[in-house]
Every structure is written in structure tokens, then in C-alpha cells.
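my questions concern the predicted model and sequence given below.
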2 protein chains.
Amino acid sequence: MSLNNNWIDRAMEEIEKFRDYIKEKGLRNTPEREIIIEEIFSTHDHFDVDELFLRMRNKKKIVSKASIYRTIPLLVESGLIKEVFFEDGHLHYEHIYGHKHHCHLRCMCCGRNLEFSDDEIEKIQKQIGKKYGFVITSHRFELLGYCPQCAQRQGVQKAYRPSGKVRGKSAKSN
Amino acid sequence: MSLNNNWIDRAMEEIEKFRDYIKEKGLRNTPEREIIIEEIFSTHDHFDVDELFLRMRNKKKIVSKASIYRTIPLLVESGLIKEVFFEDGHLHYEHIYGHKHHCHLRCMCCGRNLEFSDDEIEKIQKQIGKKYGFVITSHRFELLGYCPQCAQRQGVQKAYRPSGKVRGKSAKSN
DNA sequence: ATTATTATTGAGACTCATTTTCAATGGTAT
DNA sequence: ATACCATTGAAAATGAGTCTCAATAATAAT
Ligand SMILES: [Mn+2]
Ligand SMILES: [Mn+2]
Ligand SMILES: [Zn+2]
Ligand SMILES: [Zn+2]
């Protein structure tokens, strides 16, 4: 009944969903894939491949990056996770199975990332879809700005970098 | 007074704005930079670096990609263009100077890309900002789905690719 | 105009996230 | 057992974007 157990139950539920997907697609489930899912759902955090790989390595759950890269598309297709767009030039993901849809509010300065929901957005989506005859399947709504803390010590006026890419910042070992 | 002349006038206006920006930043204007701006504003199309480079090359306006990559941040900073997020794994841009803010409605199947404006979005932005104490400077709102044409011949159910990246699709010469 | 200063340019090397190749391994079904 | 073929890890490949460097050119100072 502990918090810890909740996480485990949670991951189990996701793994079950994944097994179904794998089966109906005629693919094969593997320990590597289950380890990956387990780790992803062991926290609520958004993640990128490198972070995930390191988290796993720290726990001695070694799976090659290639397999991580190969598993992620399956998780997206099966509706367990989805892409989240940050401004640092590579993809991030978050789990969505069992989460309600939400949008993000991000600080351009410190990277702080809040989630919020707003029903208006859904209405607008429906409305615009009708107007243009599109079948809309999803949306991305992100608010960018400065968090309370960063808003104060302003004047930091960072120069624009494509996608926020900053060279030599990712000192993550491989 | 021809349409053609309008484009030229248009580019002139942008170039003027750029010259100001360059000057106040203590940088130098160059023929290369003006050629790039001229080409960008010669159509209303969204573009990526490669497309721009090829468009220019076709018109014998040769500027290195390095210079294009170096000029784009200046154009973004000066408020002439901004990033647009597509699903093909690299950055696209659009001009905004003289355009009103708009969001995008994109077909996941054929890539068709419509623009629309909605005042509600602005209200929500303000509202959420207040709620969380953020100073919001911008937003991204994109609707993803299928255009009328593609919605019909459905079942195309494409497999997910990170950022929609498809290897071996960019047969653009370098 | 000359000269000094320093930003800019093009080529090509480089980085890094992601993809692909390939040989070895291992499920699954008959 | 045997055949079939999806999956894996390691390493090579890819490609958008960045950086280095020597040559050039815009601007400022004389
Ligand atoms: Mn989220
Ligand atoms: Mn647009
Ligand atoms: Zn912040
Ligand atoms: Zn379409």
C-alpha cells in the first residue's frame, strides 16, 4: 500500500497495456522493453533518451540506447507516452496513459515546466476543425515566458538560439 | 504597382528594419544578408534552411549555408521571422513582420498547413499567466489532424516516427 | 584616401541526437 | 527439434546545426 507499491502497480498496468499492443501487432515482448517501461513509469517526470538511459544505468538496468530508441516509438503508438517539445534541440517525452490531457507553461530562463489543463482549448480545437473541415486528432499548446523567480532578475535577455540549442551543455557521459 | 513590385517593396521594408537592428547592435550589414532577406520575403511560404538555400541557388544567389544559419538568428532577434514547429525533425521559419499572430492547423498526412487566428487563445494566455505568476511572452498553438482530402482515404495510419522524421526523404543536394 | 580594426564569409571539420546495419541471440510455432 | 524471424548490442552512418580558420570586406580612425 506504500507509495512505492503504487508506482509498481502503475508500471504493471502500463506494461499490461503494452503487452496487448505488442501482441496485436505481431511483435514480441522482451525483458528489455519491460525494463524500459518500468523505468519510465517509475516517476512522473518528463524525460529524454539520455536521461532515461542514465537513470537506468544507475540502477544497473542496462539496456542499449538503440533499444531505447527502438522502444519509444512503440510506446507512442500504443498511447502510453507522447512527445513534449522543449527548447533544447532534442525530443522529450512524458507518459499520458492514465493522465488527463494537459498543456505546458515553461520558463525560458530556468526551464521550469508547469502543467495545466483548460477546457477552452478543447472547444477551440473543435470549432476550428469544423471551420476548416479538418479532422483534428490532437493539439499542442505551450505558453512560454518567465517564471516568478526568473521574471525578477530580468534583463538576462538571452540571444536567440535555434530551438534553444546550446552547444557544449550536454555533458552527459555515453 | 504589379504584384511583383509589391514583393519588392515588401522586402525593402524588411531590409530596412534589419539594417536598423544591425546598426544598433554594432554589427555590419552585408550583401549576403540582404540577399537572404530578399529571398525569404519574396514569398509568404514557411521555409527551412535547406529549402531557402536551394531556392537561392536556383536563382544564382549563392550564399553559403553557414551564412544562412548565421543570419537566421539575427532575423529572429530583430522580430522579422520566427520558428515554426513542423513534425519532420528540423526547424522551419516564417516571416512575421507585418503579419498578425496566427496559429497553425496541419495535416499529419499530406503536410498541408493552414493558418488561423483566434482571440480566445490570447485571453487564455493572459489568464494562465496570472494564475501561475508567469510573465508569458509567447505561445505555440498547433492543431494536428487530417485535412478534408486525407481524412477520406484514411486507414493510412502511419507508424509513429520521432518528430515525424523519415530517413531518406530529404533528397536535397548539398 | 590610407590604414587599422574587427565583423563576416565560405569551406570544411565537428558535434550530437537519432537511425541503420549486421551478426548473434532468442521467442514462437509447427 | 527445426525453421522462422523479431530483437538485441555495438558500431557505423546520417544529417541538421555549429564551430574553426584563413581570407575578405565594412566601418572607424587617421
Ligand atoms: Mn506534461
Ligand atoms: Mn504561419
Ligand atoms: Zn525560471
Ligand atoms: Zn492532408
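Now that the structure is in, tell me what you want to look at. Ligands and ions are numbered 1, 2, ... in the order given.

who touches the lengthiest helix in chain A?
In chain A, assigned by DSSP state H, the helix with the most residues is helix A:3-24. Residues outside helix A:3-24 that contact it (C-beta atoms under 8 Å, 6 or more residues apart in numbering or on different chains): A:28-29, A:33-34, A:37-38, A:40-43, A:74-75, A:77-80, A:95, A:97-98. C-beta here means a position set from N, CA and C on the backbone, and glycine is covered the same way.

give me the buried positions along it.
Of all the residues in helix A:3-24, those buried under the rule 16 or more other C-beta atoms under 10 Å in any protein chain shown are A:Arg10, A:Ala11, A:Glu14, A:Ile15, A:Lys17, A:Phe18, A:Tyr21, A:Ile22.

and stretch A:58-78, by the same measure?
Applying a neighbour-count criterion of 16+ other C-beta under 10 Å, one finds A:Val63, A:Ile68, A:Thr71, A:Ile72, A:Leu74, A:Leu75, A:Val76, A:Ser78 buried in stretch A:58-78.

pLDDT of that stretch, averaged?
What stretch A:58-78 shows for mean pLDDT is 97.

quick one: that stretch to chain centroid distance?
In terms of C-alpha atoms, centre = their mean, to the nearest Å, the gap separating the centre of stretch A:58-78 from the centre of its chain is 13 Å.

mind listing what A:Asp48 touches?
Counting by C-beta under 8 Å, 6+ apart, A:Asp48 touches A:His90, A:Leu91, A:His92, A:Tyr93.

where does pLDDT dip in chain A?
Along chain A, segments meeting pLDDT under 70 span A:1-8, A:154-157, A:164-174.

where along it do the strands fall?
For chain A, the strands defined by DSSP state E cover A:81-84, A:92-95, A:103-107, A:113-116, A:135-146.

the first one close to ligand 1?
So the one you mean is strand A:81-84. No - no part of strand A:81-84 sits near ligand 1 under the criterion C-beta under 5 Å from the ion; the closest distance found is 5.9 Å.

can you list the strands that that strand pairs with?
Take DSSP bridges as the rule and strand A:81-84 pairs in its sheet with strand A:92-95 (antiparallel).

is the partner strand in proximity to DNA strand C?
No - for strand A:92-95, no contact with DNA strand C is found by C-beta under 7 Å from any atom of the strand; the gap never falls below 8.0 Å.

chain center to that strand: distance?
Here strand A:92-95 shows a centroid-to-chain-centroid distance of 1 Å under the convention C-alpha atoms, centre = their mean.

for that strand, buried residues please.
Those would be A:His92, A:Tyr93, A:Glu94, A:His95, for strand A:92-95 by 16+ other C-beta under 10 Å.

before we move on, what about stretch A:91-110?
By neighbour count with 16+ other C-beta under 10 Å, stretch A:91-110 contains the buried residues A:91-97, A:103-109.

ligand 4: which of the residues you listed is nearest?
Comparing the buried residues of stretch A:91-110 against ligand 4 with C-beta to the ion places A:Leu91 closest, at 23.7 Å.

what about stretch A:89-102, distance to the chain center?
For stretch A:89-102, the distance to the chain centre is 4 Å (C-alpha atoms, centre = their mean).

separation between A:Tyr160 and ligand 2?
From A:Tyr160 over to ligand 2 the distance is 18 Å, taken as C-beta to the ion, to the nearest Å.

list the contacts of that residue.
A:Tyr160 neighbours (C-beta under 8 Å, 6+ apart): B:Pro73, B:Val76, B:Glu77.

just A:Met56 next, same as before
Contacts of A:Met56 (C-beta under 8 Å, 6+ apart): A:Ile35, A:Ile36, A:Glu39, A:Ile62, A:Val63.

the residues you listed in helices, which ones?
A:Ile35, A:Ile36, A:Glu39.
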